[in-house]
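*Asks:* Provide a 3D model corresponding to the input given below.
(one chain, ligands or ions: 1)
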Amino acid sequence: MSGKLQDRVALVTGGGSGIGRASALAFAREGVHVVVSDVAVEGGEETVRLVTAAGGDANFVAADVSKAADAERLIQRTVEMYGRLDCTHNNTGISRGAPLHEIPEEVWNAVLAVNLTGVWLCMKYEITQMLRQDGGTIVNTASTAGLVGRYGAAYTASKFGVVGLTKSAAMQYAPRGIRINAVCPGWIDTPMTHEGMLDPERLAGRIAEEPIGRIGTPEEVAEAVVWLCSDAAAFVLGVALPVDGGLVAR
Ligand code: NAD
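*Replies:* The predicted model follows:
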């Protein structure tokens, strides 16, 4: 893929951990200038350190994507630093599982605020910027939970929402040169899921869901994100791409 993204500017939200950190590193390997954002300052700064240590260029901007003022300021800061915004990976997410009738209202609201409203708010300001320049590419992290109904209700509702938001926006902005897609990871070993991976029974249950016979890595999702943002995927638009070891194909 080398060369296709050289010197472009990417923003990665939720970049302080897991899939977002892997995508920041993968963008940087392609010669992309990366703005890493996260509500967790320590994790975000650690990602910047890792990118820099690998010879790449990155800066950290703290933001809580569920707050409109933060999302707006994040895109403003990105443009102040680099003059434009070519690629974005809207990747922030939280997971809270409970049977639907037991979900406290504040938990429902928190999951929707981060996973869905947070993606919409970032897209709102990213698209505003991309309309001012010559377009751009956006990849949202949904989930296989955005494609099938076997996971917790709040998380599933939020991720189906991300898929819908992605498809609607892809149609609206394709004529304006903005290419928008989503990735739908299966089971990936990150801090979000790691505790469950330590319990042999839960780990076996997760692997059993994966036709490929193993859990995925953050790097495998990051490769798909970077490809979707690159010119190699120039004809790919409005997809919710499973990166899931075959989980939803079963
Ligand atoms: P993670 O917990 O390692 O990373 C998520 C990051 O988002 C963290 O750094 C966290 O600080 C940040 N974050 C949380 N709330 C935020 C907010 N309000 N504003 C800004 N940042 C915030 O988890 P991950 O597994 O890397 O998850 C990344 C994305 O992938 C999420 O959207 C998640 O739903 C999705 N996903 C993960 C899996 C999996 O198996 N790990 C599977 C499918 C989808």
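*Asks:* And stretch 59-71, what's buried?
*Replies:* Residues of stretch 59-71 classed as buried by neighbour count (16 or more other CB atoms under 10 Å): 59, 60, 61, 62, 63, 64, 65, 66, 67, 70, 71. Bear in mind the C-beta positions are built from the backbone N, C-alpha and C, glycine included.
*Asks:* Quickly run through the sheet partners of the strand ranked longest in the chain, with directions.
*Replies:* Of all the elements of type strand in the chain, the one with the most residues (DSSP state E) is strand 178-185. The pairing partners recorded for strand 178-185 under DSSP bridges are strand 136-141 (parallel), strand 240-243 (parallel).
*Asks:* List the contacts of the first one.
*Replies:* Contacts of strand 136-141 with the rest of the structure, by CB atoms under 8 Å, 6 or more residues apart in numbering, involve 14, 19-20, 85-93, 119, 123, 126-127, 129-130, 162, 165-166, 169, 177-183, 185, 221, 225, 228-229.
*Asks:* thinking again about what came up before, which of the buried residues of stretch 59-71 fall within strands?
*Replies:* Using DSSP E, the buried residues of stretch 59-71 in strands are 59, 60, 61, 62.
*Asks:* still on that earlier bit, filter the buried residues of stretch 59-71 down to the ones near the ligand?
*Replies:* 64, 65, 66 (CB under 6 Å from any ligand atom).
*Asks:* Got a quick ChimeraX command for the buried subset of the contacts of strand 136-141?
*Replies:* Remark: buried members of these, expressed as a ChimeraX selection using 16+ other CB under 10 Å:
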select :14,19,20,85,86,87,88,89,90,91,92,93,119,123,126,127,129,130,162,165,166,169,178,179,180,181,182,183,185,221,225,228,229
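*Asks:* wait, isn't residue 94 in contact with residue 114?
*Replies:* Yes. In this structure, residue 94 is within contact of residue 114 by CB atoms under 8 Å, at 5.0 Å.
*Asks:* CA-only coordinates of the longest strand of the chain, as CSV, when you get a sec.
*Replies:* The C-alpha coordinates for strand 178-185 follow below in CSV (Å, rounded to 0.1, in the frame of the first residue of the first chain):
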residue,chain,number,x,y,z
ILE,A,178,-16.1,12.3,0.6
ARG,A,179,-15.9,8.5,0.7
ILE,A,180,-17.4,7.0,3.9
ASN,A,181,-17.3,3.4,5.1
ALA,A,182,-17.3,1.4,8.3
VAL,A,183,-15.4,-1.6,9.6
CYS,A,184,-17.2,-4.3,11.7
PRO,A,185,-14.6,-6.1,13.8
